[in-house]
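**Q** What follows is a predicted protein model with its sequence.
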Amino acid sequence: MELDLLCPHCQHRNECQLHFPLENPVLCEACEKPLFDHGSEGFRIEGQLDQCPLCGAEHLYRQRDFNRALGIGLVVVGALLAPFSYGISLILLALLDWLIYRSVDEVACCYQCGTLFRAFPTIAKVEPFNLQIYDYYRNLKSN
């Protein structure tokens, strides 16, 4: 199981491979401070995603692990070629974009700190993105 996160202490980007149960604390690569101060017992033993282990936020969401820039780039290329291909390129590249999107796995993300959780067995139990919850956390950051 893999995490992609920013250290809350020094803002260094860390990519962690985790094996459960966690016996030793996971430390930041840069400042060597512990990362999962808010990890629940279920997270430490089985990797349950009942809250964010990094920041303690209660809400996580599920999305596809898809490079958005690639998806938008494919559609833009299709649109640029559309006059020369009578729109067929737009349809074909949009179809290719959709096929790539459908083939990638899902990740769980934290609304508050943006941590990505890949290949966790409990990702399917995490709710999909909710705009109201996102706005709530965005307003917390701005205050």
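**A** Cool, got the structure. Residues are numbered from 1 along each chain as shown.

**Q** which residues sit in contact with the spatially most central residue of the chain?
**A** Centroid check for the chain by C-alpha atoms, centre = their mean gives L116 as the closest residue, at 3.4 Å. Neighbouring residues of L116 by C-beta atoms under 8 Å, 6 or more residues apart in numbering: 3-5, 65, 107-109. C-beta here means a position set from N, CA and C on the backbone, and glycine is covered the same way.

**Q** list the contacts for Y61?
**A** 108-109, 111, 126-130, 133-134.

**Q** On the three-state scheme, it is what?
**A** What DSSP: H, G, I helix; E, B strand; the rest coil gives for Y61 is strand.

**Q** Quick one, which of the contacts of Y61 are buried?
**A** 108-109, 111, 126, 133 (16 or more other C-beta atoms under 10 Å).

**Q** show me what contacts H59?
**A** Each residue near H59 by C-beta under 8 Å, 6+ apart is listed here: 110-112, 130, 133, 137.

**Q** Just the ones of the residues you listed in strands?
**A** Among the contacts of H59, the members falling in strands (DSSP state E) are C110.

**Q** need the contacts of H59 in a markdown table with pLDDT and distance to N24, can you?
**A** Shown next, in a markdown table, are those (pLDDT from 0 to 100; distance: C-beta to C-beta, whole Å):
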| residue | pLDDT | distance to N24 |
| --- | --- | --- |
| C110 | 96 | 23 |
| Y111 | 96 | 28 |
| Q112 | 94 | 25 |
| N130 | 96 | 35 |
| I133 | 96 | 33 |
| Y137 | 93 | 30 |
